[in-house]
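Engineer: Fold the following for me, if possible:
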Amino acid sequence: MNRASIISQGTLATDATAMGGEIDLAKLFGILWRGKLWIVLCGALALCAGIYYAVGLATPIYTTHATVALESRQNQVVDIESVVSGISGDQVAINTEVEVLRSRRLIGKVVADLNLTQDPEFNHTLRTPSWVSLDGITGAVKEDILGQTVIPRTYSDQTITDSVINNLLDQISVSNVRQSYVFHISAFSESPEKSAQIANRLAELYVEDQIALKFEKTAEATEWLTDRVAELQISLETSESELKEFSNNTNLISPEGLVALNRQLKDMRERLTDLTGTFARLDARVSRLKTAQETGDLARMAEAADTPEFALLLANANTVATQDLFRSQYAALVSDAELERSRAQTQRAAVNLSVVELERSIDIQSDELVALQQLQREAEASRLIYEFFLNRLKETSVQQGLQQAESRILSSAIVPVGPSSPRMSLIFILSLLLGLFGGSVMVLLREFSQNTFRLAEDLEAKTGYDVIGQVPKIPARKRKNVVQYLHDKPNSAAAEAIRNLRTSLLLANLDRSPKVIMSTSSVPGEGKTTQSIALALNLAGLGKKVLLVEGDIRRRVMTEYFDIPKKYGFLSVILDEISLAEAVTTVPDMKFDVLVGETSQTNAADIFSSERFGTFLDTLRAEYDFVIIDTPPVLAVTDARIIGRWVDTTIYTVRWDQTSHRQVVSGLKALEQVNVKVAGLVLGQISAQGMKRYGYDNSYGGYQSYYRN
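Structural biologist: So this is what the prediction gives:
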């Protein structure tokens, strides 16, 4: 698997982890620990804000409680539960009483009794507008800028009363003690005396309201019962008159006689059923006989007659005389059958007529009996209802003046000695926790939104390459001072980091040490040129012959580091215009040579791709122990990708907390695509203060000691 696939897979794995993989708690704790100073600072600021709010801004609030108990079982002097029922005591009734205590009607009475409409705490229209309020800002703008006179907004009395009731409702709470009939009435206010007055007055009004409500209901019930009794008396008298009149005008027999008639009707219906069956049988026989007679067939006639006599006559009907005798006797048989059928029909009609008359009589008698019974029931019902309501009227009249409330006050509210809010300890704890949480979120967001490299292990995990050097930022503002700093302070943190880089680079391949080394980066400003100079200085310190080549012929910044009087560079050497010795400049006190670049009309990529450039590098290999080529950034131009094919190894510089992940990955992919071998990465320009600020000072604290030397 090549480096490009490793880089791609590393990028995908990192993105997958960031999008929703398993959470590394140890890493998360490490991030929070590194940002502990920020977290503590946020906690301290939030705590100070909480203290300022609790001590300087918050208004003290005083809370007190009154206790009311329901009398679920009351001993009534007169049982009048049906007129004014008491409280059942179930949960629904208890919840209802809670809402009654918080009803706007009772709260309105509290407002009126305590004259809270004149209290600025509840009537906000009486407050002086603050400069931070909308009214205050509007007034200030109109008066100071527009020069207008502010006319206060007016409110109706009802609007003010409704607003005061709403505000008081917000400052009252009612709760039921579980498994009991006890209610806690809690009221809070800016004044301790006022909170006690509100709670006590609401409890008193609740008890008084129950008695007043019962008086009102009893009076309404008495008035209604009086009218109702008068109506029922008239209804009873009317029912009794109708019953008496009906009894005098009806011919109704007794109910027992009606039962006998029904029994007689049943017998006649049974007889009618028998006669109907007989008639049907005779009618069928006549039809059968006539049908056989119409055919003239003696055999069928004998079969229809179904008697032994006709069977004998049929057997002897051999002559015309005997046949005529058979027919005459058969005709007589038909006549007898018709006569018998006629008699049966007559009997059936007579019985049917009797049944109809008897049914009519029974219906009349039944209707009159039902009407009589209905009148009797109505009269009896009217009497019972009249007596019931008359009794209730008398009970209600007696009950007036004996009403009792279903509740009583168990304990009155006392004036609180101290405020219930703000709760200092709670505010302090919550402020501190909120600040710590906010600081933790800030640290985590800062860490997870990071798109640059701060740690070598992160750089290795993201790219798949080893980090062979970590170079701190050199404290020099000008580029010429950089070279002087490295020369004057060989024991500084930067010099030691370059030694580590040199060691890692030379020991990477013990069999064949690299001679031509290319230094490049992703974008400009990552410190690769400074590191090239420092590496050349360090290699020269080993007694090696070192040449530093300026491969960036577009920007040509070497003259900003060194005083180089010569105007010719390596392009003139490649074109055989001057010799290598004439183009090379030896830096005083640095013990290494510098070969600068120079401008050319020819494209730089074409120059570096030519065989002349390869021959030029071979010449340098023969003349020097080490050749360091400082090339342009990979993502800027293609020069580094082309030069990289001629060199022995490449070091890739990444600026600490500056170069983005995508830039580094894209630059390394660009080199991999042309098979340029990268020896390793260098994390450069590491800021000690930045490391400490991000919480990595434990890992990089050694830099501070080097800075002190």
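
Engineer: List the buried residues of stretch 413-424.
Structural biologist: 413, 416, 419, 422 (16 or more other C-beta atoms under 10 Å). C-beta here means a position set from N, CA and C on the backbone, and glycine is covered the same way.

Engineer: err, stretch 348-364, not the other one
Structural biologist: 348, 351, 355, 358.

Engineer: Tell me the one among the buried residues of stretch 413-424 nearest to Ala280.
Structural biologist: Of all those, Ala413 has the smallest distance to Ala280: 98.6 Å, by C-beta to C-beta.

Engineer: Quick one: residues contacting the closest one.
Structural biologist: 64-66, 185, 187, 195-196, 199-200, 203 (C-beta atoms under 8 Å, 6 or more residues apart in numbering).

Engineer: do the same with Glu303
Structural biologist: In this structure, Glu303 makes contact with Ala292, judged by C-beta under 8 Å, 6+ apart.

Engineer: Checking it next. Helix, strand or coil?
Structural biologist: Here Glu303 is helix, with the state taken from DSSP: H, G, I helix; E, B strand; the rest coil.

Engineer: residue ranges of the strands in this structure, please?
Structural biologist: With strands called from DSSP state E, the chain shows them at 62-70, 172-176, 182-189, 407-411, 467-472, 516-521, 546-550, 585-586, 593-595, 626-630, 649-655, 680-686.

Engineer: which stretch among those strands comes nearest Thr117?
Structural biologist: Once the strands of the chain are compared by C-beta to C-beta, strand 182-189 is nearest, at 15.1 Å.

Engineer: who does the closest one touch, helix- and strand-wise?
Structural biologist: strand 62-70, helix 91-101, strand 172-176, helix 192-249 (3 or more C-beta pairs under 8 Å, 6 or more residues apart in numbering; DSSP states H and E).

Engineer: Select, out of these, the one closest to Arg502.
Structural biologist: Nearest to Arg502, of the helices and strands packed on strand 182-189 and by C-beta to C-beta, is strand 62-70 at 75.4 Å.

Engineer: Between helix 192-249 and that closest one, find me the angle.
Structural biologist: Between strand 62-70 and helix 192-249, the angle comes out at 20 degrees (axes from the mean of the first three to the mean of the last three C-alpha atoms, to 10 degrees).

Engineer: just the angle between strand 62-70 and strand 182-189, please?
Structural biologist: Going by the same axes, to 10 degrees, strand 62-70 makes 160 degrees with strand 182-189.

Engineer: For strand 62-70, the averaged confidence score.
Structural biologist: Average pLDDT, strand 62-70: 89.

Engineer: Just the buried residues of that strand, please?
Structural biologist: Quick answer for strand 62-70 (16+ other C-beta under 10 Å): 62-70.

Engineer: can you check stretch 440-460 too?
Structural biologist: 440, 443, 447, 452-456, 458-460.

Engineer: need the strands of the chain in TSV with distance to Asn509, can you?
Structural biologist: Below are these laid out as TSV (distance: least, C-beta to C-beta, whole Å):
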stretch	distance to Asn509
strand 62-70	81
strand 172-176	81
strand 182-189	81
strand 407-411	92
strand 467-472	12
strand 516-521	12
strand 546-550	19
strand 585-586	29
strand 593-595	25
strand 626-630	14
strand 649-655	8
strand 680-686	12
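
Engineer: Ser366: which of those is closest?
Structural biologist: That would be strand 62-70 among the strands of the chain, by C-beta to C-beta, at 57.9 Å.

Engineer: Direction included, what does that closest one pair against?
Structural biologist: strand 182-189 (antiparallel), strand 407-411 (antiparallel) (DSSP bridges).
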